[in-house]
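**Student:** Build me a structure from this.
(one chain, ligands or ions: 1)
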Amino acid sequence: MAKVEILFLLLTLKLMSLQYITEAAEHVVGGDSAWIIPKKNPSLYSSFAANTTFRVNDTLVFNFRTGAHNVVTLSQKHYESCNVTDIIESFDTSPAKITLNRTGDFYFVCAFPSHCSLGQKLSIHVTAGGSSSLTPSEAPPHSRAPTLPAVTVPFLLMAVATNLLFPCY
Ligand SMILES: [Cu+2]
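**Tutor:** Numbering: from 1, shown residues only. Modelled structure (predicted):
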């Protein structure tokens with residue numbers, strides 16, 4: 001009886017870890033500082049970008065005072081020069097939740113006058129989704145959560161069975 005319980009527990013734990021790996025993450029831009037002019041810490045957003053791994057289908061959350069700031073996406077060229085006359089997309093209501101729907105670079109700034117040049121800007125690089133332990137060739141492009149359990153459950157059962165066959169007697 002104990003073995004059945006252990007098996008159930010192991011299976012549950014492995015499925016939970018699997019779900020954790022494939023689930024898209026939500027990144028709060030700037031953490032507790034939110035989306036502001038980073039006067040006290042000019043490198044706030046560049047360090048946030050450097051210390052975070054962004055994957056396809058992850059979401060960026062910009063928290064700010066609606067009407068005092070906004071979030072717009074720009075081309076790289078306009079991002080570098082804080083040129084907010086050629087906006088790709090604009091998000092004016094907080095919290096602005098933006099899903100990273102592709103790999104590559106994204107450029108966000110606040111379009112309020114001089115906020116971008118005062119450091120309210122964020123550039124990120126988005127990599128392909130999935131577990132970091134898989135190389136790109138091992139990870140099929142459509143291996144998102146709905147299909148992955150069907151493929152891996154037999155494998156997990158084998159792994160659990162192996163655990164039971166070779167216990168520490
Ligand atoms: Cu602003």
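
**Student:** Could you tell me which residues of this structure lie near the ion?
**Tutor:** The chain has residues His69, Cys110, Phe112, His115, Gln120 near the ion, with proximity defined as C-beta under 5 Å from the ion. C-betas here are computed from N, CA, C, even on glycine.

**Student:** Among those, which pair sits farthest apart?
**Tutor:** Pairwise distances across these (C-beta to C-beta) peak at 8.0 Å, for the pair Phe112 and Gln120.

**Student:** shared neighbours, those two?
**Tutor:** With contacts taken as C-beta atoms under 8 Å, 6 or more residues apart in numbering, Phe112 and Gln120 have His69 as neighbours in common.

**Student:** Tell me which of the two has more neighbours.
**Tutor:** For Phe112 versus Gln120, the count of surrounding residues by other C-beta atoms under 10 Å is larger for Gln120: 26 against 16.

**Student:** residue contacts, the more buried one?
**Tutor:** The neighbourhood of Gln120, defined by C-beta under 8 Å, 6+ apart, consists of Trp35, Ile36, Ile37, Pro38, Tyr45, His69, Val109, Cys110, Phe112.

**Student:** gap between it and Gln76?
**Tutor:** As defined by C-beta to C-beta, to the nearest Å, Gln120 lies at a distance of 17 Å from Gln76.

**Student:** Over to Lys121?
**Tutor:** As defined by C-beta to C-beta, Lys121 lies at a distance of 12 Å from Gln76.

**Student:** Same check on Asp58?
**Tutor:** 20 Å.

**Student:** go on, Glu26?
**Tutor:** 25 Å.

**Student:** all helices in this structure, in order from the N-terminus.
**Tutor:** Per DSSP state H, the chain has helices spanning 2-22, 44-50, 76-80, 148-165. These are given in chain order.

**Student:** So Ala34 is in contact with Asn63, correct?
**Tutor:** Yes - A contact is recorded between Ala34 and Asn63 when judged using C-beta atoms under 8 Å, the distance being 4.1 Å.
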